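Let me see the structure of the following:
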Amino acid sequence: MTRFRLAQHPTTVTPPSNRSRNQRQGKSDRKDNRNSAGQVRIIAGQWRGRKLAVADVEGLRPTGDRVRETLFNWLQPLVAGSRCLDLFAGSGALGYEALSRHAVSATLVEPDGRAYAVLQQSAEVLGVPKSRARLVHGSAEHFLAGNRDSYDIVFVDPPFDYDLQWDTLAELASGHVADNGHVYIESPTRLAMPEILPGGFHVHKEKVFGDVHARLLARTDIM
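Sure, this is the predicted structure:
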């Protein structure tokens, strides 16, 4: 199995200077996140309309409203009562959206200190019990190395500059995803998907949003 290396690549990174702002963030995401500067909106559920602060960290790219709305439409029969893992949390848009839609719990993993502090602030503002939101200050690699739990839904949206999506999936397939679990992969459209996915996963749903390719992977077709 291909091992992935994340220690040298934190979740929120400074992109190479020769990349344009559009390439770093993705055109569709910037258009979708025009709620206000430095904020992202929870779309539905318990905290519908509430806004989460976004840390001022170069390269942090929250999943846009249109992409999240489509994703959670795909997940609608599965979110309530699920245990979720947001491996590259950033703003927490995916993890807190899942909690708003009545996921039992969400673990949000984030190595950048400023982004992690904002995740803590958001949990306090929303009033999320610690029993439901577990915040982990560390890299995805270190978290998975010590993880003994399995999750029903895993969100994988790493920094686009480092192409970690498929190596991360290979690591997840070694026991971190529950039977009949689902993994969401968000990647730049330029990044090709492997011909054979690990762990028996297959693409269940997918859609392209400008420079962003959204895929929901499943082991069985139950939706």
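
Select the longest helix from the protein.
Counting by DSSP state H, the longest helix found in the chain is helix 113-126.

After that helix, which helix or strand is next?
strand 133-137 (DSSP states H and E).

Check which helices and strands the host helix or strand of residue 99 sits against.
Assigned by DSSP H and E, residue 99 belongs to helix 93-100. Applying 3 or more Cβ pairs under 8 Å, 6 or more residues apart in numbering; DSSP states H and E, one finds that helix 93-100 contacts helix 65-75, strand 83-86, strand 105-110, helix 113-126, strand 133-137, strand 151-156. Heads up, the C-betas are built off the backbone N, CA and C, glycines and all.

Now mean pLDDT and mean neighbour count too, for the ones you listed, in a markdown table please.
Output for the helices and strands packed on helix 93-100, formatted as a markdown table (pLDDT from 0 to 100; neighbours: other Cβ atoms under 10 Å):
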| stretch | mean pLDDT | mean neighbour count |
| --- | --- | --- |
| helix 65-75 | 97 | 19 |
| strand 83-86 | 98 | 26 |
| strand 105-110 | 98 | 26 |
| helix 113-126 | 96 | 18 |
| strand 133-137 | 98 | 19 |
| strand 151-156 | 98 | 24 |
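
May I see the ones you listed arranged in CSV, with distance to residue 207 as well?
Output for the helices and strands packed on helix 93-100, formatted as CSV (distance: least, Cβ to Cβ, whole Å):
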stretch, distance to residue 207
helix 65-75, 6
strand 83-86, 20
strand 105-110, 23
helix 113-126, 27
strand 133-137, 28
strand 151-156, 16
